[in-house]
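Q: Sharing a model prediction with you, sequence too.
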Amino acid sequence: MQKTINSREFAALCAVRPEMFSWFFGAGASASAGIPTGYAMIADFKKRLFCRQSGVSSQEVDTNDSMWVDRINLFLSKRTDYPGINHPSEYAWAFEASYPSPDERRSYIENAIRKGTPSYAHRVLASLMCTRHVPCMFTTNFDPLIEHASTLADQKLDPSRRVHLTVSAIDNSDRATLCMEESRWPLLV
């Protein structure tokens, strides 16, 4: 059974032994840095499909207006291939339907990521990583903002104290294994 502690106990423990913790960084950090969330991207994909197939101008459609959201969802629900609102495959379906080629999808993501600038949270966590207070961080985000912030924080340190963040992703999981085996911290997965 996992022990639960309150926020005061957590703060005290984290202050004394910060290296005991790994952190999880989610979409909120990217959103606060100016990168659209998955939900915003789904809304954009669905809007594009709706406008392309219905002939409605995209300038008329406001995906923040519930009337338009309902109208788009009703329109898409009539498609036999549409998985449904909030279905686990809705993001992939809408993305591939809006941008059929892998190059188009890659370009879309690259353009979305370019909008981001490391937020205060990115900079604080990067500073904690570079000062060895946060050894390991996990994220589902695919933007490089933690890496950018870490590079900036690392450069402010004396060269003898720099840590050089190790980044591991699906395509290089061996890097994470090596980092953990050799205690080569900090690690971003």
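A: Received, thanks. Bear in mind that the values here come from a model prediction, so they are computed numbers and not experimental data. Numbers count the residues shown, from 1 in each chain.

Q: where along this protein do the helices fall?
A: 7-16, 27-32, 38-54, 66-77, 90-98, 102-114, 120-130, 145-155, 173-181 (DSSP state H).

Q: Next, format these as CSV and append mean neighbour count and distance to Arg161.
A: In short, each C-beta sits where N, CA and C put it, glycine included. Shown next, in CSV, are those (neighbours: other C-beta atoms under 10 Å; distance: least, C-beta to C-beta, whole Å):
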stretch, mean neighbour count, distance to Arg161
helix 7-16, 10, 21
helix 27-32, 18, 26
helix 38-54, 17, 37
helix 66-77, 14, 51
helix 90-98, 18, 41
helix 102-114, 13, 30
helix 120-130, 20, 8
helix 145-155, 20, 9
helix 173-181, 14, 19
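
Q: Any chance of a markdown table for the ones you listed, columns mean pLDDT and distance to Thr166?
A: Shown next, in a markdown table, are these (pLDDT from 0 to 100; distance: least, C-beta to C-beta, whole Å):
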| stretch | mean pLDDT | distance to Thr166 |
| --- | --- | --- |
| helix 7-16 | 88 | 22 |
| helix 27-32 | 87 | 19 |
| helix 38-54 | 95 | 26 |
| helix 66-77 | 96 | 42 |
| helix 90-98 | 96 | 29 |
| helix 102-114 | 95 | 21 |
| helix 120-130 | 92 | 10 |
| helix 145-155 | 94 | 10 |
| helix 173-181 | 91 | 5 |
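
Q: Adding distance to Met1 as columns, could you present the ones you listed in TSV?
A: Shown next, in TSV, are those (distance: least, C-beta to C-beta, whole Å):
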stretch	distance to Met1
helix 7-16	17
helix 27-32	29
helix 38-54	33
helix 66-77	42
helix 90-98	35
helix 102-114	41
helix 120-130	29
helix 145-155	32
helix 173-181	25
